[in-house]
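S.K.: missing the sequence, but the structure's below:
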């Protein structure tokens, strides 16, 4: 049975006391104000779960920025602390801002936020074109967001030092989520990212149709909620998604994330076996490393934009190519490119990316760490050998723009029979 307390600006739904060590707190998104007395996030799943829960539903379109919400969170935090409960906040959309800005009041062990809205500030959103600002204004009016609260919804108002451990689930194909990811990076807000390409803004609904998150919480009730708990939950989410997507690029994106979790937990996986199902050539001494970030992106040369960027699948896509470093080049001073021969890349063309990479390696943060992944030219030959004509042309264009001199190592085999000469040769 669920009881509800309707405050002026917030409805609070509370379960009967359960014999559980965990309390799930949900903070709803927008568009439920008229039925706040009966609706709360995950109302289909939580009552039958056998876990303590409290669901907050807004009665206003104010992003939960009000004393009713703050007071209710403070009271709940005192109650769960006295009972020795571990608190997990689950939220999405509009509720995400409250979870990150005010969630500390219930001392959660973990916040799970799906495609949250964390800022409405046009400057933080980097809306420099008048049309983009008009679109934002139109959007806020369409959803009838209360004007007095719009200026308060901004990343600058989230205290990153009181931020609880936070997992954010993104649809990395969605422009808004892409923009949010960049803003979080710019504001140095610590969080753990889970990328589910194409899952849409309503990822929580898709996950909970199969009880992925709530089922895990129930199954692991009483277990300490720490980084190992978070990683195991993330693996459950990623494997659920992996079993449902047929898109190869999305599969690679997920497999990269699984590889990183295994790597951080000391399971010493092989990147190419894990992501591309290529047998581990462990007997071959790797000559190079490439840089893999926490998002599963690989520092690459992108011929179309003529810059360096972190991309996914630079080995097989033909739209970008991994930047290599000799295993002895610990300072990342001499970037290289491989197209059957090893070429020195002009570092001045990618200096900004190199400076950031060096700084990140020196002072890594959880959401900004870089990993050096070994790779042999034998493995690179595997991908090059499968290139079609267009991919080979892209490799030639990459070499023509980024390479500064003749090959520093002779090709093992001839992949590109176009009769060209290397620059400087």
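M.R.: Ah, there it is. From a predicted model like this one, the values you see are computed outputs, not experimental measurements.

S.K.: distance of residue 401 from residue 25?
M.R.: According to Cβ to Cβ, to the nearest Å, residue 401 stands 52 Å off from residue 25. (Glycine included, C-beta is placed from N, CA and C.)

S.K.: surely residue 343 is within a strand?
M.R.: Yes - assigned with DSSP: H, G, I helix; E, B strand; the rest coil, residue 343 falls within a strand.

S.K.: and the closest residue to it other than its chain neighbours, what are its phi and psi?
M.R.: Nearest residue to residue 343, sequence neighbours excluded (Cβ to Cβ, 6 or more residues apart in numbering): residue 403, at 4.2 Å. Main-chain dihedrals, residue 403, degrees, to the nearest 10: phi -80, psi 140.

S.K.: follow-up on the earlier one: so residue 401 and residue 25 - more neighbours on which side?
M.R.: The residue with more neighbours, out of residue 401 and residue 25, is residue 25; 24 against 14, by other Cβ atoms under 10 Å.

S.K.: which pLDDT value does the model give that one?
M.R.: Predicted confidence (pLDDT) at residue 25: the value is 98.

S.K.: ditto for residue 420
M.R.: Confidence score, pLDDT, at residue 420: 41.

S.K.: what of residue 233?
M.R.: Reported pLDDT for residue 233: 98.

S.K.: what do you get for residue 176?
M.R.: Residue 176 is assigned 87 on the pLDDT scale.

S.K.: gap between it and residue 132?
M.R.: In this view, residue 176 and residue 132 are 12 Å apart by Cβ to Cβ.

S.K.: what do you get for residue 311?
M.R.: Separation of residue 311 from residue 132 (Cβ to Cβ): 25 Å.

S.K.: the two: which is more packed in?
M.R.: residue 311 (18 against 13).

S.K.: my guess is that one contacts residue 293. True?
M.R.: No - between residue 311 and residue 293 there is no contact under Cβ atoms under 8 Å: 10.6 Å.

S.K.: partner residues bridging residue 90?
M.R.: residue 26, residue 112 (DSSP bridges).

S.K.: can you pull out the helices in this structure?
M.R.: For the chain, the helices defined by DSSP state H occupy 67-83, 95-102, 130-142, 175-186, 203-209, 212-219, 227-242, 248-264, 271-276, 351-362, 377-384, 389-402.

S.K.: low-confidence regions, the chain specifically.
M.R.: Filtered on pLDDT under 70, the chain yields the residue ranges 280-284, 365-367, 405-425.

S.K.: ignoring the adjacent residues along the chain, who's closest to residue 335?
M.R.: Spatial nearest neighbour of residue 335, chain neighbours left out: residue 345 (4.2 Å); criterion: Cβ to Cβ, 6+ apart.

S.K.: so what's the residue count around the one you found?
M.R.: Residue 345, neighbours per other Cβ under 10 Å, totals 25.

S.K.: tell me how far residue 116 lies from residue 168.
M.R.: Residue 116 is 7 Å from residue 168, where distance means Cβ to Cβ.

S.K.: and for those two, which residues touch both?
M.R.: residue 96 (Cβ atoms under 8 Å, 6 or more residues apart in numbering).

S.K.: which strand residues bridge the residue nearest to residue 343?
M.R.: Beta-bridge partners of residue 403, as defined by DSSP bridges: residue 345.

S.K.: next, count neighbours for it.
M.R.: Around residue 403 sit 24 other residues, with neighbours defined as other Cβ under 10 Å.

S.K.: returning to what we had before: ok, which of the helices of the chain comes nearest residue 327?
M.R.: Of all the helices of the chain, helix 377-384 sits nearest to residue 327, with 12.3 Å by Cβ to Cβ.

S.K.: now the angle from that closest one to helix 389-402?
M.R.: Put simply, helix 377-384 runs at 130 degrees to helix 389-402, going by axes from the mean of the first three to the mean of the last three Cα atoms, to 10 degrees.

S.K.: i'd like the first residue to be 33 from this point on
M.R.: Let's use 33 as the start, then, which means that last one is helix 409-416.

S.K.: just checking, what packs against helix 409-416?
M.R.: If contacts are counted by 3 or more Cβ pairs under 8 Å, 6 or more residues apart in numbering; DSSP states H and E, helix 409-416 sits against strand 368-370.

S.K.: run through who's touching stretch 355-362.
M.R.: 318-323, 331-333, 340, 364, 366-370, 374, 377, 382, 404, 406-407.

S.K.: about what we covered before: surely the residue nearest to residue 367 and residue 368 touch.
M.R.: Yes - the criterion here is Cβ under 8 Å, and residue 377 meets it with residue 368 at 6.0 Å.

S.K.: for residue 148, see how far away the closest residue to residue 132 other than its chain neighbours is.
M.R.: Nearest non-adjacent residue to residue 132, counting by Cβ to Cβ, 6+ apart: residue 190, 5.2 Å away. As for residue 190, its distance to residue 148 is 11 Å (criterion: Cβ to Cβ).

S.K.: what of residue 281?
M.R.: Here the criterion is Cβ to Cβ. By it, residue 281 lies 24 Å from residue 148.

S.K.: compare the two and say which is more crowded by neighbours.
M.R.: Each of residue 281 and residue 148 has its neighbours counted (other Cβ under 10 Å); residue 148 has more, 25 against 15.

S.K.: just confirm that one contacts residue 123, I think it does.
M.R.: Yes - in this structure, residue 148 is within contact of residue 123 by Cβ under 8 Å, at 6.8 Å.
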